[in-house]
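1. build the 3D model from these lines:
(one chain, ligands or ions: 2)
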Amino acid sequence: MTLHRRGNQFLNQFSCACCVTSLGFAEMRKVVLVTGANSGVGLALCERLLSHDTEGLHLCLACRNMQKAQAARSDLLASHPAAQVDLLQMDTSSVSSVLSAAQEFKVRYDRLDYLYLNAGIMPNPEFDVKAFFKGLFSSNVITMFATGEGILTQKDGVTTDGLQQVFATNLFGHFLLVRELEPVLCHEGRTSQLVWTSSNNAHRSAFNPEDIQHRTGTQPYSSSKYATDLLSLAFNQHYEKQGLYSSVICPGFVMTNLTYGILPSFPAILWTLLMPVFWLIRVFTNTFTLTPYNGSEALIWLFRQKPESLDPYAKYHSLTSGLGNNYTQPHKV
Ligand SMILES: NC(=O)C1=CN([C@@H]2O[C@H](COP(=O)(O)OP(=O)(O)OC[C@H]3O[C@@H](n4cnc5c(N)ncnc54)[C@H](OP(=O)(O)O)[C@@H]3O)[C@@H](O)[C@H]2O)C=CC1
Ligand SMILES: CC(C)CCC[C@@H](C)[C@H]1CC[C@H]2C3=C(CC[C@]12C)[C@@]1(C)CCC(=O)[C@@H](C)[C@@H]1CC3
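-> Numbering: from 1, shown residues only. Ligands and ions are numbered 1, 2, ... in the order given. Now for the predicted structure:
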């Protein structure tokens, strides 16, 4: 009951934001927290961050499943034995889990320089084969491959807090996390960055300001990503004076557990056999980044930028050229 009340209290704060458009002092390592860090784009980002700067970073992987988290940590330490990699148990779909993870974080660390809000789900996806073949022979074919527009719907669930599963996992848990971590994110004389993993699949038409959780539609994923873009804009306005900057990225179409789940009857070998077709499509749309390494390009690019120089109205896209070269490009949200 108390939990529901707290959930609602934070939900009210969230709605407003969206509608308006244990290191000691001597330790100077930058602290980076990554949600959904045990696989896919999140894990590739951690690997690349450590390759970029092993000694200067303190990496904290926030994961819901500690067994998977341990495995990811072991992988990272195998290639970067000198790295500092910690684990934090957190289920972004649960209000109590996010609150206690944030509390634990504040006990362990006194600063947070980069917060990557990356965890995400697309549950029970339904792939519209008819729409896909229709799209193949239409002038919209490139947009269809770049955004998945018109060919995907999902069946959402409800969490124990009474929130819509996709909204809670992809967005609300992260919103709560940022609010709770304010004391370590906002420090005078120092800037910090929030980086959200959004998507090309974020469509305005899927988001209803009267139904921010997407209780009634069939595109909760798209709605949650569109709301992510809006929330990042709102955060930029809200935290401007406190040195906290927010950006959104799209990793492109990446082969991960999330995408394998779109065609669950498809064996892994078929995806592998389709790779040459995907490489060919990449010639026409550079959004087919395909590997988690390529997909994390914009995330690592943002890490290297001065946050003051970033465009708050841009979405930063990880892109891979037909020849396999990675780059990052901003597009107005
Ligand atoms: N793959 C793609 O083509 C695209 C992906 N994205 C976005 O990229 C992000 C990363 O996804 P991707 O790497 O592709 O997929 P993965 O499924 O590999 O990674 C998703 C990560 O999020 C974690 N996660 C899921 N639910 C929760 C939860 N309730 N609490 C904490 N962690 C959770 C997963 O943990 P666990 O292993 O326990 O499930 C996993 O670590 C997502 O936000 C996704 O929407 C955006 C555009 C395209
Ligand atoms: C079986 C067929 C020969 C090939 C099927 C391809 C589709 C399954 C993919 C084509 C474009 C892909 C895509 C996504 C999922 C898989 C496809 C529809 C996303 C919607 C995944 C999640 C995102 O956030 C988007 C950016 C992706 C856009 C492209």
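2. which residue does the protein have closest to ligand 2?
-> Using CB to the nearest ligand atom, the closest approach of the chain to ligand 2 is made by residue 148 at 2.6 Å. From N, CA and C alone the C-beta is placed, and that goes for glycine too.
3. buried residues of the longest helix along the chain, list them for me.
-> When the chain is parsed with DSSP state H, its longest helix is helix 220-239. For helix 220-239, burial by neighbour count (16 or more other CB atoms under 10 Å) applies to 220-236, 238-239.
4. stretch 272-292 too?
-> For stretch 272-292, by 16+ other CB under 10 Å, it's 281, 282, 285, 286, 287, 288, 289, 290, 291, 292.
5. can I get the residues you listed in a markdown table including secondary structure, distance to residue 131 and pLDDT?
-> Shown next, in a markdown table, are the buried residues of stretch 272-292 (DSSP: H, G, I helix; E, B strand; the rest coil; distance: CB to CB, whole Å; pLDDT from 0 to 100):
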| residue | secondary structure | distance to residue 131 | pLDDT |
| --- | --- | --- | --- |
| 281 | helix | 17 | 96 |
| 282 | helix | 22 | 95 |
| 285 | coil | 18 | 95 |
| 286 | coil | 23 | 97 |
| 287 | coil | 19 | 98 |
| 288 | coil | 19 | 98 |
| 289 | coil | 23 | 98 |
| 290 | strand | 23 | 97 |
| 291 | coil | 27 | 98 |
| 292 | helix | 27 | 98 |
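6. which one of these is nearest ligand 1?
-> residue 292 (6.1 Å).
7. do the longest helix of the chain and ligand 2 come into contact?
-> No: in terms of CB under 6 Å from any ligand atom, no part of helix 220-239 sits within range of ligand 2; the closest distance is 6.8 Å.
8. quick one, what contacts residue 216?
-> By CB atoms under 8 Å, 6 or more residues apart in numbering, the residues touching residue 216 are residue 208.
9. is it fair to say it lies in a strand?
-> No: in this structure, residue 216 is coil, not part of a strand, as judged by DSSP: H, G, I helix; E, B strand; the rest coil.
10. span of stretch 116-129 from start to end?
-> Taking CA to CA, to the nearest Å as the measure, stretch 116-129 stretches 34 Å from start to finish.
11. helix/strand/coil for residue 274?
-> Residue 274 ends up helix, using three-state DSSP.
12. which parts of the stretch 151-300 of the chain sit against ligand 1?
-> Checking the stretch 151-300 of the chain against ligand 1 by CB under 6 Å from any ligand atom, the hits are 169, 197, 199, 250, 251, 253, 254, 256, 257, 258, 259.
13. report the spatially nearest residue to the first one, omitting neighbours in sequence.
-> Nearest residue to residue 169, sequence neighbours excluded (CB to CB, 6 or more residues apart in numbering): residue 93, at 4.2 Å.
14. I figured the one you found was touching residue 171, is that so?
-> No: counting by CB atoms under 8 Å, residue 93 does not reach residue 171; the two are 10.3 Å apart.
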